[in-house]
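Structure, please.
(one chain, ligands or ions: 1)
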Amino acid sequence: MSVAIEVRGLSRTFHTTVRRPGFAGAVRSLVNPERVAKHAVSDITFDVAEGELLALLGPNGAGKSTTIKILTGILTPTSGEARVAGVVPYRERERNARNVGAVFGQRTQLWWDLPVRESFAILRDIYEVPRAEHAARLAEFDDILELSSFWDTRVRHLSLGQRVRSDLAAALLHDPPVVFLDEPTIGMDVVVKEQVREFLRHQVEQRGRTVLLTTHDMTEVERLAERVVLVNHGRLMLDGSLDEIRRKFGSTWQVRATLADPHTEVVPPPGTTLLRHTGGQIVLGPDGPDAPTVQQALKAVIERFEVTDIALDEADLEDVMRAAYAHAGEV
Ligand SMILES: Nc1ncnc2c1ncn2[C@@H]1O[C@H](COP(=O)(O)OP(=O)(O)OP(=O)(O)O)[C@@H](O)[C@H]1O
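The predicted structure is shown next:
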């Protein structure tokens with residue numbers, strides 16, 4: 001399979017000046033500014049195959065947006081190389097713009113004072129998309145995103161969910177093979193989130209687009225991505241399938257039990273750890289090399305606590321990622 005996005009040893013350092021505290025410090029900073037280097041992205045290497053949806057994950061400040069900004073041509077790297085659909089984005093910005101669509105969940109690329117449909121028409125003219133093709137694509141997007149109910153409304157009057165759906169359509173109207181989405185569903189309700197996910201699945205599976213997505217929503221990752229790249233402090237910590245991440249950082253089981261008396265003091269059985277304790281419900285997972293087997297754990301929980309209900313679960317992806325981030329922080 002061909003590679004759509006190639007990232008090789010990519011680094012980006014920002015230099016900022018810091019103000020020293022107090023009046024004397026401010027004067028000193030003016031005369032002799034103290035410059036600090038922030039390594040937002042450090043020596044990152046990964047590929048995304050054509051038609052693949054990859055989730056780029058990491059805690060706040062990990063370097064995800066900086067990576068996407070380099071790949072969309074907004075930022076130039078300090079060192080390293082990147083290619084998107086064969087184009088070096090920061091050297092050939094215009095050529096790259098034809099090959100990529102981008103949605104930054106926090107910002108809009110639409111014209112604030114125009115009805116959505118007029119924004120679409122402007123984009124059609126900018127990208128020189130034939131009218132019939134444009135109309136057909138818009139109808140296809142409308143099928144899933146239900147844009148026609150609000151596309152005569154000015155962008156400034158749209159709700160967040162309507163605005164982001166419009167932004168998604170706008171980003172794909174020129175039929176780019178590669179799509180970058182930086183937290184596209186942030187702040188949306190579950191119905192709109194599901195609509196956006198269905199749209200993305202359709203674009204990847206039916207249209208063969210390549211998608212690089214950042215999100216903090218683990219449900220989204222589970223529903224959409226097969227592969228995940230995890231970054232922290234600007235460095236790549238892991239590149240693998242969700243299954244690999246689960247195997248590496250997830251406990252192999254979780255026992256969920258409801259306590260007969262919610263006020264019971266919970267001391268986990270040896271070799272287990274208390275993952276959550278809300279109301280009368282406890283969730284335990286294995287801890288360390290001497291963790292019990294799942295049968296032993298179930299037996300230990302029943303013996304130790306008076307329970308009204310007990311169940312066995314696969315580890316929750318939120319917990320797996322928390323463990324992965326914690327591990328990444330130690331490296
Ligand atoms: N223009 C800039 N000048 C200085 N520092 C910057 C600049 N842009 C980003 N940074 C710093 O680089 C680091 C990485 O930021 P980035 O926005 O890429 O993180 P992120 O993974 O997208 O985070 P989040 O999940 O919070 O959006 C942060 O420490 C940030 O403060």
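
give me the number of residues near the closest residue in space to Gly9 that isn't next to it in sequence?
The shortest distance from Gly9 to any non-neighbouring residue, by CB to CB, 6 or more residues apart in numbering, is to Gly80 (3.9 Å). C-betas here are computed from N, CA, C, even on glycine. Close neighbours of Gly80, defined as other CB atoms under 10 Å, add up to 17.

which ones are touching Gly80?
Val7, Arg8, Gly9, Leu10, Ser11, Asp43, Ile44 (CB atoms under 8 Å, 6 or more residues apart in numbering).

Only whichever of those residues are buried, select them in ChimeraX.
Buried residues within the contacts of Gly80, by 16 or more other CB atoms under 10 Å, are selected in ChimeraX with:
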select :7,10,11,44
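
could the contacts of Gly80 go into CSV alongside secondary structure, distance to Gln296 and pLDDT?
Converted to CSV, the contacts of Gly80 look like this (DSSP: H, G, I helix; E, B strand; the rest coil; distance: CB to CB, whole Å; pLDDT from 0 to 100):
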residue, secondary structure, distance to Gln296, pLDDT
Val7, strand, 45, 98
Arg8, strand, 47, 97
Gly9, strand, 47, 97
Leu10, strand, 47, 97
Ser11, strand, 48, 97
Asp43, strand, 44, 96
Ile44, strand, 42, 97
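
hang on, the earlier thing: a strand runs through the residue nearest to Gly9, doesn't it?
Yes: according to DSSP: H, G, I helix; E, B strand; the rest coil, Gly80 belongs to a strand.

So Phe14: helix, strand or coil?
strand.

For His174, state which of the contacts of Gly80 is nearest.
Val7 (23.4 Å; CB to CB).

correct me, but the closest one touches Pro77?
No: using CB atoms under 8 Å as the test, Val7 is too far from Pro77 to be in contact (9.4 Å).

Surely Pro270 touches Gly288?
No: look at Pro270 against Gly288 with CB under 8 Å: they stay out of range, at 9.4 Å.

any low-confidence regions in the stretch 151-300 of the chain?
250-252 (pLDDT under 70).

what about the strands in it?
178-182, 210-214, 227-232, 235-241, 254-259, 272-278, 281-286 (DSSP state E, counting those that start in this stretch).

Any idea which of the ones you listed gets closest to Trp151?
Of all these, strand 178-182 sits nearest to Trp151, with 20.5 Å by CB to CB.

Now do the buried residues in stretch 75-83.
So for stretch 75-83, counting by 16+ other CB under 10 Å, buried means Leu75, Pro77, Thr78, Gly80, Ala82, Arg83.

pLDDT (mean, whole number) over that stretch?
The pLDDT scores in stretch 75-83 average 97.

Now do that stretch: distance to the chain's middle.
21 Å (CA atoms, centre = their mean, to the nearest Å).

do the same with stretch 95-102
Mean C-alpha position of stretch 95-102 versus that of the full chain (CA atoms, centre = their mean) differs by 20 Å.

Equivalent analysis for stretch 11-24, please.
29 Å.

ditto for stretch 154-165
Centroid separation for stretch 154-165 versus its chain: 21 Å, with CA atoms, centre = their mean.

Can you tell me what sits against it?
103, 105, 108, 110-116, 119, 145-147, 150, 153, 166, 184-185, 187-189, 192, 195-196.

what do you get if the cut-off is 6 Å, keeping everything else the same?
With CB atoms under 6 Å, 6 or more residues apart in numbering as the test, stretch 154-165 has contacts from Thr108, Leu110, Trp112, Pro115, Leu145, Phe150, Gly187, Met188, Val192.

In PyMOL, select just the buried ones from the residues you listed.
Buried residues among the contacts of stretch 154-165 (16+ other CB under 10 Å), as a PyMOL selection:
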select buried, resi 108+110+115+145+150+188+192
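
now the contacts of stretch 154-165 as CSV including distance to Glu52?
Conversion of the contacts of stretch 154-165 to CSV gives the following (distance: CB to CB, whole Å):
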residue, distance to Glu52
Thr108, 27
Leu110, 28
Trp112, 34
Pro115, 35
Leu145, 22
Phe150, 32
Gly187, 27
Met188, 24
Val192, 25
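
Could you export the strands of the stretch 151-300 of the chain as JSON lines, including distance to Arg98?
Converted to JSON lines, those look like this (distance: least, CB to CB, whole Å):
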{"stretch": "strand 178-182", "distance to Arg98": "10"}
{"stretch": "strand 210-214", "distance to Arg98": "15"}
{"stretch": "strand 227-232", "distance to Arg98": "25"}
{"stretch": "strand 235-241", "distance to Arg98": "28"}
{"stretch": "strand 254-259", "distance to Arg98": "47"}
{"stretch": "strand 272-278", "distance to Arg98": "48"}
{"stretch": "strand 281-286", "distance to Arg98": "48"}
